[in-house]
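K.L.:
sequence plus the predicted model coming up.
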Amino acid sequence: MITFEAMCQMASVEPGELERWIAERWVLPESESSSYVFTEFDVARVRLIVELRRDLAVDEEAVPIVLRLLDQLYATRRRMRSLLRALESLPEEHRAAVRRHFSED
Amino acid sequence: MARSPYEVLGVARDASEEDIRRAYRRLAKQHHPDLNPGNKEAEARFKEVSAANDLLSDAAKRARYDRGEIDETGAEKPQYRANYRGFAEGPDGAKYYTTEGVAPEDLEDLFAIFGRGAGVGGAGGEGPFARRTHIRMRGADQHYMLTIDFLEAINGAKKRLQLAPDKSLDVTIPPGLRDGQILRLKHQGGDGVGGGPRGDALIEVHVAPHPLFRRDGDDIHVELPVTIAEAALGGRISVPAPDGAVTMTVPAGSNTGTRLRLRGKGAPKPDGSRGDEYVTLKVMLPEGGDKALADFLREWAPKHPYDPRRGTEPA
């Protein structure tokens, strides 16, 4: 588990900025009761936001849209992957049928 | 041979900071791994572009690169961690975007497709979809930063990284550690999934500067004040060294800028040998002046002229 301070250091983000992102719900701490606690996933997300803002000069207003689209894309890929795993467990003749289907497209 | 960071960003060697920033943003937008998911080539390009930008956007690093002191990967290779996608597509990915609401319909569609196309049973408990795919995954690597004292880096140390009130990590600093070095603690990272092994903890260690010592590779440099008598007549003086003070002989006729070497008093190297310590002398007059010395010099100087500024006159 990662503290607020550790997050600021790991993702090179100013505390005030991180507070704002949490308030905007761009980042969802695991615990908000007494002090914030983050996971590695959150660190990666904060790093992504830092990169979008600082390196790619994405406007503050555009950040939630970019995040939303990226998350949708990843969710789709996540589900595609579970579909692929399900396909792998099919008997070979069925997998061959699926392959034929895709090569016809 | 890797390309120079200037080639990577497509800028001239005398490009301004603004030119570099603009070039980096243009390329980063094009190749960012989150905008090119699964595209290995874009990921590699992005890493290359990020590394080039890290180097050129830092005036100190850029100057060192231009002087040929560091190569295009920089003294410490920048660790770009484009792992958001890894998490977002991973088992916990639903945290920021859940597909729960639509999943049942989608699944029905899938069953329908397979029921029709591949002749597998319907949405009952039988078909392949009833089988739970067992996922076994290695835990994520966790990154931490740690700053240690100069002498701890030279002599080695044991440090404790407090991760949470109830969780800490003991880190052994190997003697001779360099600034920015990354230590890998096997299996101290995130928990594995489904019986997979734990990830590693990666600790980036930074070394705080020392008021006396300066490090250059495995060598240590120190500037040491000596009296005018020690410089002129020679003598034995005590010199600070990383593992305590050592005695050194100053040869007669030494000067400000005279550099003496203490063999094997530098930083330990991985092969067990050590770098050297270089002591640069700095001749100091007595503080506040000294009347006897001044009287002597008034007498001495006219009879012993010398010109330490020879060759420094403007052409």
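P.N.:
The structure has been received and is ready for your questions.
K.L.:
can you get me a residue count around residue B:195?
P.N.:
By the criterion of other Cβ atoms under 10 Å in any protein chain shown, residue B:195 has 9 neighbours. Backbone N, C-alpha and C define where each C-beta goes, glycine included.
K.L.:
so how far is chain A from it?
P.N.:
Using Cβ to the nearest Cβ, to the nearest Å, we find residue B:195 at a distance of 17 Å from chain A.
K.L.:
distance of residue B:184 relative to chain A?
P.N.:
Residue B:184 is 16 Å from chain A, by Cβ to the nearest Cβ.
K.L.:
wait, is that residue part of a strand?
P.N.:
Yes: Residue B:184: assigned to a strand according to DSSP: H, G, I helix; E, B strand; the rest coil.
K.L.:
quick check: pLDDT value at it.
P.N.:
In this model, residue B:184 is scored at 90, pLDDT.
K.L.:
quick one: contacts for the closest residue to it other than its chain neighbours?
P.N.:
Distances taken as Cβ to Cβ, 6 or more residues apart in numbering or on different chains put residue B:200 closest to residue B:184, at 5.2 Å, once the chain neighbours are dropped. Applying Cβ atoms under 8 Å, 6 or more residues apart in numbering or on different chains, we find residue B:200 in contact with B:141-142, B:184-189.
K.L.:
report the longest helix in chain A, please.
P.N.:
Assignment by DSSP state H gives helix A:63-88 as the longest helix of chain A.
K.L.:
that one close to chain B?
P.N.:
Yes: judged by Cβ under 8 Å from any Cβ of the partner chain, helix A:63-88 and chain B are in contact via A:67-68, A:70-75, A:77-79, A:81-83, A:85-86.
K.L.:
heading C-terminal from that helix, find the next helix or strand.
P.N.:
helix A:92-104 (DSSP states H and E).
K.L.:
so what touches stretch B:289-302?
P.N.:
Stretch B:289-302 is contacted from outside by B:228, B:285-286, using Cβ under 8 Å, 6+ apart.
K.L.:
all strands for chain B, in order.
P.N.:
For chain B, applying DSSP state E gives strands covering B:142-148, B:157-164, B:167-173, B:182-185, B:201-207, B:213-216, B:219-227, B:235-241, B:244-250, B:259-262, B:277-284.
K.L.:
let me see the contact set for the most centrally placed residue in chain A.
P.N.:
Nearest to the mean C-alpha position of chain A, by Cα atoms, centre = their mean, lies residue A:71 at 5.4 Å. By Cβ under 8 Å, 6+ apart, the residues touching residue A:71 are B:88, B:96-97.
K.L.:
again with residue B:312
P.N.:
No contacts exist for residue B:312 under Cβ under 8 Å, 6+ apart.
K.L.:
what does residue B:276 give?
P.N.:
Listed by Cβ under 8 Å, 6+ apart, the contact set of residue B:276 reads B:218-220, B:261-266.
K.L.:
10 Å instead, please
P.N.:
The contact partners of residue B:276, taken as Cβ atoms under 10 Å, 6 or more residues apart in numbering or on different chains, are B:218-221, B:261-267.
K.L.:
equivalent analysis for residue B:246, please.
P.N.:
By Cβ under 10 Å, 6+ apart, the contact list for residue B:246 reads B:237-240, B:262, B:265, B:277, B:279.
K.L.:
any weak-confidence spans in chain A?
P.N.:
Low-confidence regions of chain A, defined by pLDDT under 70, span residues A:32-34, A:104-105.
K.L.:
domains of it?
P.N.:
The record's domain parsing of chain A by automatic domain parsing lists A:1-58, A:60-105.
K.L.:
most tightly packed of those domains?
P.N.:
With neighbours taken as mean count of other Cβ atoms under 10 Å in any protein chain shown, these reach their highest mean count in domain A:1-58, at a mean of 17.
K.L.:
do that one and chain B meet at all?
P.N.:
Yes: Domain A:1-58 reaches chain B (Cβ under 10 Å from any Cβ of the partner chain) through A:1-3, A:6, A:9-11, A:25-28, A:30, A:37, A:39-49, A:51-52, A:54-58.
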